[in-house]
Structures are given as structure tokens and as C-alpha cells.
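Student: what's the 3D shape of this:
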Amino acid sequence: MERNRRGGRLRGESTISQQLAKNLFLWPGQNWIRKGAEAYLTIWIELLWPKRRILEVYLNIAEFGPGVFGVSAAAEHLLGKSPANLTPYDAALLVSVLPSPKRLFVTNPSEYVRTRTSQIESAVQQLGGPAYLDGL
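Tutor: The predicted structure follows:
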């Protein structure tokens, strides 16, 4: 579990499937009813959708900033590039702000975001690069 500067727990430790269930089907907020519905929907998403589809839908609906939804819009709006022209660093930078794009920024990355971007780039290389997704 990651900690913030004051030693408190950082939010955003949900799985991609949990975030997808919340973002696609539910309302924002922190209450037990929404959390229960999120858990129920997450189970069904995991049972019915392949991992590649979960990742695809998540990246197409994730909010990267106010009114910026999906990786394609984020690439164009935040980086001024089409998704096809993203470098490995650009892609890692976009992913590094998820799931907290209201607190972490692509356009003015903090030291935490820069470190996380490097960690993501390294992890992608260790997995064999983008070809890893072919196996999902």
C-alpha cells in the first residue's frame, strides 16, 4: 500500500475491473451501497469479459481530466498527439495518473508521477513490451 507524504493511505487501490464497474455503471461517491454494487458488478465483469476487453473499455472511458474521457481524447487534448503517435513514455505518463487524474497531472507531472511513469516503462519492458497484450 502506498502512502502519501504525511503517511496517510493513498486512494486508488481498486483493480481495473472495480474501477471499470464504478465508472461504467455506477455513480461517484463513497458509500456502502455503491461499494456493494461495485463488488457485485466486478464479479460479473471478471466472469464474462476477457482481460483484453476489460482493459480496452477501461481505457476508453477513464477520465484523464475535466471533460477528457478515454486515452484517445487524453492523448490529443493533453499531449497534442494522436494515439498512434504516442511514444512508450507518453503512454506510461498517461497511465501513471490513473485512477486519480484530478490529483495527478499529465501536463505538469509531479515527482511522484515522473517516478511512476519510469516504473511503468520498466514494467512494460520486463513483460516484453506492447506484444505482452497480444496474449491477453
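
Student: For the rest of this, base every contact and every neighbour count on C-alpha atoms.
Tutor: OK.

Student: mind listing what the most centrally placed residue in the chain touches?
Tutor: The chain has Leu98 as the residue nearest its centroid, 3.6 Å off, counting by C-alpha atoms, centre = their mean. By C-alpha atoms under 8 Å, 6 or more residues apart in numbering, Leu98 lies in contact with 62, 64, 104.

Student: Only the buried subset of the residues you listed, as a ChimeraX command please.
Tutor: A single ChimeraX command selects the buried members of these (16 or more other C-alpha atoms under 10 Å):
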select :62,64,104
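
Student: Please enumerate the strands of this protein.
Tutor: 63-65, 68-69 (DSSP state E).

Student: and the protein, what are its domains?
Tutor: Domain assignment for the chain, taken from automatic domain parsing, gives 14-49, 62-135.

Student: Save these as TSV, and put in distance to Glu56 too.
Tutor: What follows is the domains of the chain, written out as TSV (distance: least, C-alpha to C-alpha, whole Å):
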stretch	distance to Glu56
domain 14-49	10
domain 62-135	10
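
Student: Listing request: residues of this structure with sub-threshold pLDDT.
Tutor: 1-12, 135-136 (pLDDT under 70).

Student: go with 50
Tutor: Residue ranges of the chain with pLDDT under 50: 1-6.
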